[in-house]
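Engineer: curious how this folds, go ahead:
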Amino acid sequence: MLTEIKFQIEGICSQNDKALIETEVDVLEGVVDSNIDERNGEAWIEFDNSEVSEKRLFRIIEKLGFEIKEEATAYAAVFVSIWIDKGLGLIVPGFIPSPIGEILEYVPTAPEVLITLGVWALGLLILTILYKIAVSVKEEVST
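Structural biologist: Here you go, the predicted model:
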């Protein structure tokens, strides 16, 4: 099955670097086309993933002395979004019926219970502090 990937390559300085990478990648069986922009290091490769893997392509480029730039920002955003989505609801999904309608018995583990209690305690502490501030402001305004 044909696959297209786009990624960044660090360390490309000239047309020679571009030609070197494209030559090494294009000779691999399964690679249909490749194009590298030497100005910004953006690479585009179309290949048949049943004949050559993405890992192998990356290894060949790295053997030539170039680095594949990781998209750390994207990885961090995915991690944070999953954390926000599942952070406070780790226990709740245990009570959702399975796709066949069966409800499986679920008992939270000790770390899950302690984490949940810690989150609730932190929330109550913040709420108490905010109430104390609100009450003192209200008393100050009324006098």
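Engineer: next SSE after the least confident helix or strand in the chain by mean pLDDT?
Structural biologist: Sorted by mean pLDDT, DSSP states H and E, the helices and strands of the chain end with helix 72-86, the least confident at a mean of 71. Beyond helix 72-86 in the direction of the C-terminus, DSSP states H and E gives the next helix or strand as helix 110-142.
Engineer: what's that following helix packed up against?
Structural biologist: Packing partners of helix 110-142 (3 or more C-beta pairs under 8 Å, 6 or more residues apart in numbering; DSSP states H and E): none among the helices and strands. No exception for glycine: its C-beta is placed from N, CA and C like everyone else's.
Engineer: next, the buried residues of that helix.
Structural biologist: When neighbours are counted by 16 or more other C-beta atoms under 10 Å, the buried residues of helix 110-142 are found to be Ile115.
Engineer: pLDDT on it, on average?
Structural biologist: This predicted structure assigns helix 110-142 an average pLDDT of 93.
Engineer: since that was my last question, I'll sign off now.
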